[in-house]
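Undergrad: this is a predicted model, with the sequence first.
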There are 2 protein chains.
Amino acid sequence: VSEPPHRAMSGEEQLIARFFRPLASHPGSLDLLDDAALLSPSEGLDLVLTTDALVSGVHFFANDPADAIARKALRVNLSDLAAKGADPAGYLLSLALPDAVGEEWLASFVSGLEADAQSYGCPLLGGDTVKTPGPLMVSITAVGMLPVGTMVKRRGARAGDRVVVTGSVGDSALGLQLRRISDRISQTLGAEERAHLLSRYLLPQPRCAAASAVRRYAAAAMDISDGLAGDLAKLCNASSVSAMCEMGRVPLSEAAQAALAAEPSLLTTILTGGDDYEILAAVPPHKLAAYRDACTDVGVAVTDIGEFTAGTGPPGFLDSEGKRMEFLHPSFSHF
Amino acid sequence: VSEPPHRAMSGEEQLIARFFRPLASHPGSLDLLDDAALLSPSEGLDLVLTTDALVSGVHFFANDPADAIARKALRVNLSDLAAKGADPAGYLLSLALPDAVGEEWLASFVSGLEADAQSYGCPLLGGDTVKTPGPLMVSITAVGMLPVGTMVKRRGARAGDRVVVTGSVGDSALGLQLRRISDRISQTLGAEERAHLLSRYLLPQPRCAAASAVRRYAAAAMDISDGLAGDLAKLCNASSVSAMCEMGRVPLSEAAQAALAAEPSLLTTILTGGDDYEILAAVPPHKLAAYRDACTDVGVAVTDIGEFTAGTGPPGFLDSEGKRMEFLHPSFSHF
């Protein structure tokens, strides 16, 4: 879209035109030239809406690559959609920029959004860009769609359902720990293992590919963003059930296994550290094989780690000796 | 909704339960206990999505009442919906809180959201609350609905259409000026006039009541947030037309008239200062009476201030002597 030449654009309009308009591939974005975006849901579809905000110095390091910051901001939202069984439709971006942010940073930020919009089929619908005297902040609202009545909620798990997680747990929390402190764990890991953990922290891998399997086979689900232990408790809470898992079955990457071998106390980090962006699901036993197959078909591994149980006691993890583990803070919390 | 007693809530969950859950009256909010909100649009409806962010010290004063900050954050979004002809359906809230924010502030903030959700029929659907080391920031994404195909865009004005604005222009920009500098203008105004201008800055009055009139009668529309002069230029741009307005017909409140009489140079502030949150519409002449009637019926005054014209020259305002006025910066811009 070229601007008619008759009027000088404001700085804000120029910024949008140069950096963000190329992202506005969805017709409902109206080329970001309007006050709002237009979405015409097809008949028979529900909408799923989620919003997550990332603040520099809190949710990412200020010197993280701009494209990774952008991708993380989008992906944490996509992870929520996937866990609800929804396919991404688009997103709105709210961006607060400090003065120091320059064109190079913005170009990189936009390239990250562009790449992920392509990968996940989630184009920019609209947004707002403002100045801030504080740290950079990215807030994204993602819109997903799914067949009417198929959204998978946290409520819905029943006693007897299996506790099933995608991918591997704890990598990101270990990656964050590596970023924060260069301690002996770091020394015991190989370069490849370190790189794996660091990249899982920098760049979540939302399980969008598994969304359709989730909505077909899961009785309840959520994404693991605040640590498996605490998030399992939240799902149990919402479903009025409890759960018992075996620590030995929790899927760990080779890097996480190596870190754990070097430092057994990292188990707490792995189970409560957060930023996993895997899907925790309650799957009825007779649907487990179908869920596993459907996920495997799209390249997502799933692991059965335990069982939902009757009662409202806190869910637990058994260690290798069958002893129940205790966590002081099962869940990450800002407050 | 009462929490099952079996599990200690994290600080974040407690904050949501105490302050925000009471706002979650929409069933699709799932009591804010899930990862995402669910919206089931009725058949035949389009969705309109908009997002606007407010940063403390940039978009409002840090010492503004918390309930007014909340209302402003919601209302600037509602204003966008109204200008597109959409009725509000709900909103998602992204809130970055500095440490210093206490329970009293939050309670007041929430009371503002609650009051406006009632007034405008726009309940909380979901959100995210994070900590920030910087200034408080509120980002809201509002969802509106309207009959399929009836969204009013910036594009669509044609030569011969009337330039029509709701309410009065410039009050908010003058109110901001009163907040910033206590100068002789302030002394020439009565207490009531000062209060009027200050309240228009503090608390926008989005013209939601006029949304249905806009979608029935306007060929193009936008809300005036960055100043009438600049926003008219944007609408002209999007519609590939120009416009000529008469300054003498621009609707001014008594307070704005008094300020202008005391200080003629405030005309620039009035036309380019922004934060009006009135609706600027292109209305075909044969629909003008119906538009005026429909707006008047819901308590919104409208004023015909000029005409859209052929050509792509910049739109203009004629002063009382028929001379074209010039503005250095016709539009507010952050960048």
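TA: Received the coordinates, thanks.

Undergrad: can you map out the helices along chain A?
TA: Along chain A, the stretches classed as helices by DSSP state H are A:11-15, A:66-83, A:103-120, A:171-180, A:184-188, A:191-202, A:211-217, A:228-239, A:254-262, A:266-272, A:288-297.

Undergrad: do stretch A:238-245 and chain B meet?
TA: Yes. Stretch A:238-245 comes into contact with chain B (CB under 8 Å from any CB of the partner chain), by way of A:Ala238, A:Ser240. The way it works is simple: take the backbone N, C-alpha and C, and place the C-beta from them, glycine included.

Undergrad: quick one: contacts of that stretch?
TA: A:153-159, A:163, A:220, A:232, A:236, A:282, A:305-318, B:4, B:33-34 (CB atoms under 8 Å, 6 or more residues apart in numbering or on different chains).

Undergrad: take those and keep only those in strands.
TA: A:Val163, A:Ala220, A:Ala282, A:Ile305, A:Gly306, A:Glu307, A:Phe308, A:Thr309, A:Gly316, A:Phe317, A:Leu318 (DSSP state E).

Undergrad: closest to chain B among the residues you listed?
TA: Using CB to the nearest CB, A:Ala220 comes nearest to chain B of the ones in strands among the contacts of stretch A:238-245, at 9.8 Å.

Undergrad: got the residues of the stretch 51-200 of chain A near chain B?
TA: Contacts of the stretch 51-200 of chain A with chain B, taken as CB under 8 Å from any CB, map to A:51-55, A:57-59, A:80-81, A:83-84, A:86, A:92-96, A:125-135, A:137, A:139, A:141, A:143-144, A:148, A:151, A:153-155.

Undergrad: among those, name the buried ones.
TA: Among these, those scoring as buried are A:51-55, A:58-59, A:80-81, A:83-84, A:86, A:92-96, A:125-132, A:134-135, A:137, A:139, A:141, A:143-144, A:151, A:153-155 (criterion: 16 or more other CB atoms under 10 Å in any protein chain shown).

Undergrad: related to what we said a few turns ago, make TSV out of the helices of chain A and add mean pLDDT.
TA: TSV is the format used below for the helices of chain A (pLDDT from 0 to 100):
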stretch	mean pLDDT
helix A:11-15	85
helix A:66-83	98
helix A:103-120	96
helix A:171-180	92
helix A:184-188	76
helix A:191-202	93
helix A:211-217	98
helix A:228-239	95
helix A:254-262	94
helix A:266-272	93
helix A:288-297	98
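
Undergrad: residue of chain A closest to chain B, please.
TA: For chain A, CB to the nearest CB, closest residue to chain B: A:Gly134, 2.0 Å.

Undergrad: quick one: contacts for that residue?
TA: Contacts for A:Gly134 (CB under 8 Å, 6+ apart) come out as A:Ala96, A:Pro98, B:Val55, B:Thr132, B:Pro133, B:Gly134, B:Pro135, B:Met137.

Undergrad: likewise for A:Ala213?
TA: A:Tyr291, A:Ala294, A:Cys295, A:Val298, A:Val300.

Undergrad: re earlier: how much space between the residue of chain A closest to chain B and A:Ala62?
TA: According to CB to CB, to the nearest Å, A:Gly134 stands 12 Å off from A:Ala62.

Undergrad: just the pLDDT for A:His6.
TA: A:His6 is assigned 41 on the pLDDT scale.

Undergrad: likewise A:Val169?
TA: Value for A:Val169, per-residue pLDDT: 97.

Undergrad: what's the local residue count around it?
TA: A:Val169 has 25 neighbours, counted by other CB atoms under 10 Å in any protein chain shown.

Undergrad: what sits opposite A:Asp87 in the beta ladder?
TA: A:Met145 (DSSP bridges).

Undergrad: count the residues that sit near A:Ala281.
TA: Neighbours of A:Ala281 (other CB under 10 Å): 30.

Undergrad: so who does it touch?
TA: Neighbours of A:Ala281 in contact, by CB under 8 Å, 6+ apart: A:83, A:152, A:164-166, A:214, A:217-221, A:291, A:302.

Undergrad: can you pick the most crowded of these?
TA: A:Ala83 (36 neighbours).

Undergrad: so what pLDDT did the nearest residue to that one once chain neighbours are set aside get?
TA: Nearest non-adjacent residue to A:Ala83, counting by CB to CB, 6 or more residues apart in numbering or on different chains: A:Asp223, 3.9 Å away. Looking at A:Asp223, its pLDDT stands at 97.

Undergrad: tell me, how many residues neighbour A:Asp223?
TA: A:Asp223 has 27 nearby residues by other CB under 10 Å.

Undergrad: now do it against A:Cys208, distance only.
TA: 11 Å.

Undergrad: contacts only, for the residue nearest in space to the middle of chain A.
TA: With distances taken as CA atoms, centre = their mean, A:Val76 lies nearest the centre of chain A, 3.1 Å away. Shown in contact with A:Val76 (CB under 8 Å, 6+ apart): A:Asp52, A:Leu54, A:Ile140, A:Pro204, A:Pro206, A:Ser225, A:Tyr277.

Undergrad: would a markdown table of these with distance to B:Gln187 be doable?
TA: Listed next are these as a markdown table, based on distance: CB to CB, whole Å:
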| residue | distance to B:Gln187 |
| --- | --- |
| A:Asp52 | 48 |
| A:Leu54 | 47 |
| A:Ile140 | 47 |
| A:Pro204 | 58 |
| A:Pro206 | 59 |
| A:Ser225 | 55 |
| A:Tyr277 | 59 |
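
Undergrad: which of the contacts of A:Ala213 count as buried?
TA: The buried subset of the contacts of A:Ala213 (16+ other CB under 10 Å) comprises A:Tyr291, A:Ala294, A:Cys295, A:Val300.

Undergrad: near chain B, from those residues?
TA: Checking those against chain B by CB under 8 Å from any CB, not one of them is in range.

Undergrad: B:Leu266: which of those residues is nearest?
TA: Of all the buried ones among the contacts of A:Ala213, A:Val300 has the smallest distance to B:Leu266: 62.0 Å, by CB to CB.

Undergrad: my read is that A:Glu246 contacts A:Ile305, right?
TA: Yes. Under the criterion of CB atoms under 8 Å, A:Glu246 makes contact with A:Ile305 at 6.5 Å.

Undergrad: of the helices of chain A, which is nearest B:Ile185?
TA: helix A:11-15 (27.8 Å).

Undergrad: quick check, the closest one touching chain B?
TA: Yes. Among the residues of helix A:11-15, A:Gly11, A:Glu12, A:Glu13, A:Gln14, A:Leu15 lie within reach of chain B under CB under 8 Å from any CB.

Undergrad: in contact with the nearest residue to A:Ile224 once chain neighbours are set aside, which residues?
TA: Spatial nearest neighbour of A:Ile224, excluding adjacent residues (CB to CB, 6+ apart): A:Asp276 at 4.1 Å. Counting by CB under 8 Å, 6+ apart, A:Asp276 makes contact with A:Gly167, A:Val169, A:Gly170, A:Asp171, A:Ser172, A:Ala173, A:Asp223, A:Ile224, A:Ser225, A:Gly227, A:Leu228.

Undergrad: what of A:Thr296?
TA: Neighbours of A:Thr296 in contact, by CB under 8 Å, 6+ apart: A:Val302.

Undergrad: same question for A:Arg200.
TA: A:Asp171, A:Ser172, A:Gly175, A:Ser253.

Undergrad: also A:Thr188?
TA: By CB under 8 Å, 6+ apart, the neighbours of A:Thr188 are A:Ala258, A:Ala259, A:Ala261, A:Ala262, A:Glu263.
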